[in-house]
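Asks: With the input below, show me the fold.
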Amino acid sequence: MYSYTAFNEITAFLVFVQLMLDYHIGAASISRSLASYAVALLELFPAVKGSIPLWMGSGQEFLGGFLSLNILAPVLLAVLTVVLCQGVRESSAVNSVMTATKVVIVLVVICAGAFEIDVENWSPFAPNGFKAVLTGATVVFFSYVGFDAVANSAEESKNPQRDLPIGIMGSLVVCISLYIGVCLVLTGMVPFSLLSEDAPLAEAFSSKGMKFVSVLISIGAVAGLTTTLLVGLYVQSRLYLGLGRDGLLPSLFSRVHPTLHTPLHSQIWCGIVAAVLAGIFNVHSLSHILSVGTLTGYSVVAACVVALRLNDKKERESSSGWTSSWNEGVICLVIIACSGFSAGVFYRFSASVIFLLLSVGVAVSASAVLHYRRAYAQSLGSGFRCPGVPIVPCVCIFFNIFLFAQLHYEAWIRFVVVSVLATAVYAMYGQYHADSTTLIYQRAPESESDY
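Replies: Now for the predicted structure:
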């Protein structure tokens with residue numbers, strides 16, 4: 001909705017397709033990890049240890065590892081899809097129990113593993129250099145998807161202007177702390193080069209003779225990955241529902257079951273796509289094309305913060321300069337994005353520091369133009385406000401696109417191919433069936449008396 005309101009329909013559709021593919025790939029990757037931890041949990045029982053075939057756990061590889069057949073991951077996705085099809089009440093109950101379980105187990109893991117840390121395993125702290133750290137950051141960036149879902153609870157909040165920022169930032173701080181704690185414990189217990197790709201935590205504690213913790217980790221991993229899949233699949237189906245109602249996708253996706261009150265077709269479609277990806281690709285292959293949509297989507301949302309504050313349409317049309325205020329603002333945003341990508345490419349390929357500083361200088365200049373030209377509205381009333389506009393959004397765009405330049409080459413190819421295909425779908429179907437009356441945007445009221 002932000003992209004549609006701030007820019008145009010095709011921009012919103014392109015962001016949707018890129019972000020949705022990230023959700024599908026993320027669900028497939030998580031289901032593969034869930035299958036691995038489920039197998040690790042089962043192998044704790046002597047009766048089944050060593051008897052579970054590869055195609056049930058890590059996957060049976062074909063074509064030199066390009067394809068990896070897994071049966072358990074699609075089955076797990078099918079079960080969760082059925083749960084979500086039954087309704088929000090049933091799935092939210094499962095989600096609440098699983099979330100409480102995984103948080104408790106994560107805390108236990110951190111406390112227990114802290115006593116087994118060998119600080120020598122942290123030397124050198126970044127063995128592959130800072131560039132590898134940035135590449136890794138682009139892959140794990142997807143783990144921060146979902147925090148923005150807190151914003152969907154605005155209608156249920158007594159004071160959303162105060163509660164939502166606290167909820168989003170608070171959950172971010174808590175999860176970042178847990179992420180860092182688990183990573184420090186894991187790499188401190190076992191050298192990073194010896195970590196397992198399928199179930200690293202469980203095997204790390206098993207190698208230290210802490211079998212009881214391995215059981216807890218497997219249970220916690222199954223619970224945590226299950227809740228992540230539930231939320232991810234739920235969000236995907238609702239996004240398809242929205243696009244179906246807008247006419248950008250076939251009306252089949254907009255249908256809601258009369259009894260279950262869930263978008264059954266959208267939910268099943270999401271489950272099928274994720275199941276196909278999880279059934280034939282391993283986590284390593286999927287991770288190389290992940291985070292493209294997330295970085296792109298967050299960059300566009302940051303641009304929307306500025307674009308929505310640009311002068312209204314009437315002022316744009318009456319502009320007497322060489323271009324309108326709105327166009328001037330958009331041009332600056334595009335320059336910042338291009339500068340971020342250029343800086344990322346120069347850094348990645350070890351170009352002269354002069355080129356890197358030049359890119360940063362151009363981005364700073366464009367941000368300064370936005371700031372001093374004041375081509376945007378200063379206040380939207382008493383509604384939600386982003387501090388530091390336009391500096392904060394500009395910094396966000398620059399670093400997101402900088403990280404985009406650190407992605408694997410496969411991700412760049414995916415971005416171009418998917419963008420071309422999405423544009424073709426919009427040109428041949430979306431633009432002729434879109435219904436703009438279903439999407440209504442209203443600015444925040446100027447005062448409480450306007451509510």
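Asks: quick one: low-confidence ranges for the stretch 1-150 of the chain?
Replies: Along the stretch 1-150 of the chain, the parts satisfying pLDDT under 70 run over 1, 55, 57-59, 63-66, 88-95, 145-146, 148-150.
Asks: just the helices in it please.
Replies: 2-6, 9-42, 72-85, 88-113, 130-140 (DSSP state H, counting those that start in this stretch).
Asks: ok, residues contacting the first one?
Replies: What it means is helix 2-6. Thr11, Ala12, Val15, Val300, Val301, Ala303, Cys304, Ala307, Leu308, Leu439, Tyr441 (Cβ atoms under 8 Å, 6 or more residues apart in numbering). Every C-beta, even on glycine, is put in place using the N, C-alpha and C of the backbone.
Asks: Among these, which one lies nearest to Ile168?
Replies: Val301 (13.0 Å; Cβ to Cβ).
Asks: so what's the closest one up against?
Replies: Tyr2, Ser3 are the contacts of Val301 under Cβ under 8 Å, 6+ apart.
Asks: Quick one: mean pLDDT for the helix or strand encompassing it?
Replies: Here Val301, judged by DSSP states H and E, is contained in helix 292-307. For helix 292-307, mean pLDDT is 87.
Asks: Report the inter-axis angle for that helix versus helix 130-140.
Replies: 90 degrees (axes from the mean of the first three to the mean of the last three Cα atoms, to 10 degrees).
Asks: Just want the angle from helix 292-307 to helix 9-42.
Replies: Going by the same axes, to 10 degrees, helix 292-307 makes 140 degrees with helix 9-42.
Asks: Drop anything exposed from the contacts of helix 2-6.
Replies: For the contacts of helix 2-6, a neighbour count by 16 or more other Cβ atoms under 10 Å gives the buried set as Ala12, Val15, Val300, Val301, Ala303, Cys304, Ala307, Leu308.
Asks: Helices along the stretch 351-451 of the chain, start to end?
Replies: 353-373, 391-404, 409-425, 431-433.
Asks: Now tell me which of those helices the model trusts least on average.
Replies: Looking at these, the bottom one is helix 431-433 with a mean of 81.
Asks: what residues does it touch?
Replies: Glu9, Ile10, Gly247, Leu248.
Asks: ok, now with 10 Å
Replies: Glu9, Ile10, Phe13, Asp246, Gly247, Leu248, Leu249, Pro250, Ser251, Val425, Tyr426 (Cβ atoms under 10 Å, 6 or more residues apart in numbering).
Asks: again with stretch 344-364
Replies: 130-131, 134-135, 138, 332, 335-343, 394-395, 397-407.
Asks: Can you select the buried ones among the residues you listed for me in PyMOL?
Replies: With 16+ other Cβ under 10 Å as the burial test, the buried ones among those are selected in PyMOL as follows:
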select buried, resi 134+135+138+332+335+336+337+339+340+341+342+343+394+395+397+398+399+400+401+402+403+404+405+406+407
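Asks: I'd say Ser285 and Glu410 touch.
Replies: Yes. Counting by Cβ atoms under 10 Å, Glu410 is a contact partner of Ser285 at 8.5 Å.
Asks: Between those two, point out the one with more neighbours.
Replies: With neighbours defined as other Cβ atoms under 10 Å, Ser285 and Glu410 compare such that Ser285 has more, 17 against 14.
Asks: my read is the more buried one is in a helix, agree?
Replies: Yes. Secondary structure of Ser285 (DSSP: H, G, I helix; E, B strand; the rest coil): part of a helix.
Asks: Cheers, nothing more for now.
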